[in-house]
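A.B. asks: Structure here, sequence nowhere to be found:
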């Protein structure tokens with residue numbers, strides 16, 4: 001599937017083995033052939049921000065390979081609005097702000 005986003009690469013990725021024999025495989029391959037992230041078992045990581053705005057990408061990356069989430073397949077082509085944006089809007093409408101979270105966390 002096609003995905004969109006921007007890469008923000010601040011840091012370093014080290015691929016370590018936990019001794020279980022699973023191998024890290026590319027999560028994405030860009031049009032230019034470069035790899036964009038890694039997948040090991042049910043763990044996925046990428047520096048591509050905005051990738052979860054697409055319902056199809058969310059389903060493919062988060063649910064398609066786990067039988068527990070087969071019920072989500074019907075929403076893969078659905079909502080134009082990111083459900084995380086909807087959640088953020090709801091929390092903001094309830095009065096939850098960054099300042100409130102910082103105060104509650106003692107920051």
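C.D. replies: Nice, thanks for sending it over. Every value quoted in this text rests on a predicted model; they were computed, and no experiment measured them. Numbering: from 1, shown residues only.
A.B. asks: Make sure residue 29 is actually in contact with residue 37.
C.D. replies: No - Residue 29 is not in contact with residue 37 according to CB atoms under 8 Å; the separation is 9.7 Å. C-betas here are computed from N, CA, C, even on glycine.
A.B. asks: What segments of the chain are strands?
C.D. replies: Taking DSSP state E as the test, the strands found in the chain are 6-7, 25-26, 38-40, 43-45, 48-49.
A.B. asks: Of all these, which one comes closest to residue 62?
C.D. replies: strand 43-45 (8.0 Å; CB to CB).
A.B. asks: what about the top helix by length along the chain, distance to the chain center?
C.D. replies: In the chain, with assignment by DSSP state H, the single longest helix is helix 83-93. From the chain centre to the centre of helix 83-93 is a distance of 17 Å (CA atoms, centre = their mean, to the nearest Å).
A.B. asks: From the contact counts, what lies against it?
C.D. replies: If contacts are counted by 3 or more CB pairs under 8 Å, 6 or more residues apart in numbering; DSSP states H and E, helix 83-93 sits against no helix or strand.
A.B. asks: For the spatially most central residue of the chain, give me its contacts.
C.D. replies: Closest to where the C-alpha atoms of the chain average out (CA atoms, centre = their mean) is residue 52, at 5.3 Å. Taking CB atoms under 8 Å, 6 or more residues apart in numbering, we find residue 52 in contact with 58, 61-62, 82, 84.
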